[in-house]
Every structure is written in structure tokens, then in C-alpha cells.
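Undergrad: heads up, no residue letters with this:
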């Protein structure tokens with residue numbers, strides 16, 4: 001069960017579906033039809049979940065979106081990780097009353113924290129003001145500069161804007177939680 005959950009969390013849904021189809025076939029051949037039906041339903045739920053996660057980019061491998069939002073003197077940096085076009089997870093980092101030096105240090109530390117344990121992406125898409133910072137950190141971990149980009153138009157710009165909206169929502173939640 002743990003290995004199957006790990007497959008879902010790492011975006012390897014198709015491997016899990018293949019395993020479950022094999023299990024369903026075995027259950028059916030052993031005339032355990034209720035078990036086979038339960039496995040079939042599980043497969044449908046996983047396929048539905050995978051459909052809802054698809055992001056409209058053609059990048060294969062691990063891509064990260066890096067953007068930020070600033071509101072009420074708070075900076076929130078967000079990293080969204082896509083694997084084979086599926087949004088798997090996001091990390092957020094924030095700092096109160098940032099100076100320019102704080103902004104850069106927060107972004108650098110956020111990237112390093114996110115990229116620990118071999119989680120360095122194959123490609124990074126970021127905001128223009130983050131490009132130099134991300135590029136320096138990427139170079140330090142062996143990711144070539146041509147793998148860091150700032151989109152000018154199209155779906156990648158839209159994805160960055162959606163990530164930025166998530167950052168704004170996160171700031172709103174933090175502010176709301178502090179006022180309670």
C-alpha cells in the first residue's frame with residue numbers, strides 16, 4: 001500500500017494503474033468479482049484524479065514554476081512542481097517586511113530548500129525578476145542556464161500567472177489567520 005501511494009504522489013499513476021489492472025485480472029480469474037469491481041472503481045478514481053491534474057504544457061520530466069506575490073509588506077515565493085505535465089505539489093515561502101537583500105536571500109534559500117535531496121528540476125520557468133537569482137542557484141547545483149527561462153507569451157505565462165494567484169491567496173490566508 002505504501003509503494004502504491006508513493007507512485008501516486010510521485011506522478012507515476014500509469015504504473016499504479018497497470019499494477020491494479022493486473023490485480024483486477026487475478027481477482028476476476030479467481031472469481032473474486034467483488035474485489036475485481038472494487039479495484040476497477042479504484043482505477044477509475046485514479047484516472048479521474050490524473051485527468052484533473054494535467055497542465056497544458058508539453059514539457060516532459062520535472063518542471064518547476066517559480067513566482068512570487070507581495071502584499072501588505074509581505075513577500076510570498078511559490079514553487080510549483082510539474083512532472084510530465086501534471087501538477088504534483090507546491091511549496092511556499094514567505095517573509096515579512098522584506099528589504100531587497102531579504103528578497104534575494106529568501107528566494108535563494110527557498111530554491112535551495114526545495115532542491116534538496118535530488119529534487120532539482122529538469123527545467124525552471126520563472127518571473128523576470130527571479131531569473132538571475134534562480135540562474136545563480138541553478139548553476140551552483142549543476143542545472144544549465146539554458147534550462148531556466150522566462151516565458152514571454154503563451155501557456156507558460158498563463159501558468160505563472162495562476163501560480164502568482166496562488167501566492168496571493170496564500171498571503172491572504174496568512175493575513176487572515178494573523179487577524180484571528
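TA: Nice, I can see it. None of these values were measured; they are calculated from a predicted model.
Undergrad: Pull up the distance across stretch 121-131, start to finish.
TA: Length of stretch 121-131, first residue to last, Cα to Cα, to the nearest Å: 15 Å.
Undergrad: can you tell me the average pLDDT over it?
TA: The average pLDDT within stretch 121-131 is 91.
Undergrad: and residue 40, backbone torsions?
TA: Dihedral pair for residue 40: phi -60, psi -40, per degrees, to the nearest 10.
Undergrad: Touching, it and residue 24? I think so.
TA: Yes - taking contacts as Cβ atoms under 8 Å, residue 40 lies within contact range of residue 24: 5.8 Å. Using the backbone N, CA and C atoms, a C-beta is placed for each residue, glycine as well.
Undergrad: Looking at the two, which one has more neighbours?
TA: residue 24 (19 against 15; other Cβ atoms under 10 Å).
Undergrad: Secondary structure element holding that one?
TA: For residue 24, the host element (DSSP states H and E) is helix 13-29.
Undergrad: May I see the buried residues of that helix?
TA: 13, 16, 17, 19, 20, 24, 27 (16 or more other Cβ atoms under 10 Å).
Undergrad: Kindly report the same for stretch 164-180.
TA: Quick answer for stretch 164-180 (16+ other Cβ under 10 Å): 164, 166, 167, 168, 170, 171, 174.
Undergrad: now do stretch 145-162
TA: Buried-residue list, stretch 145-162, by 16+ other Cβ under 10 Å: 148, 150, 151, 156, 159, 160.
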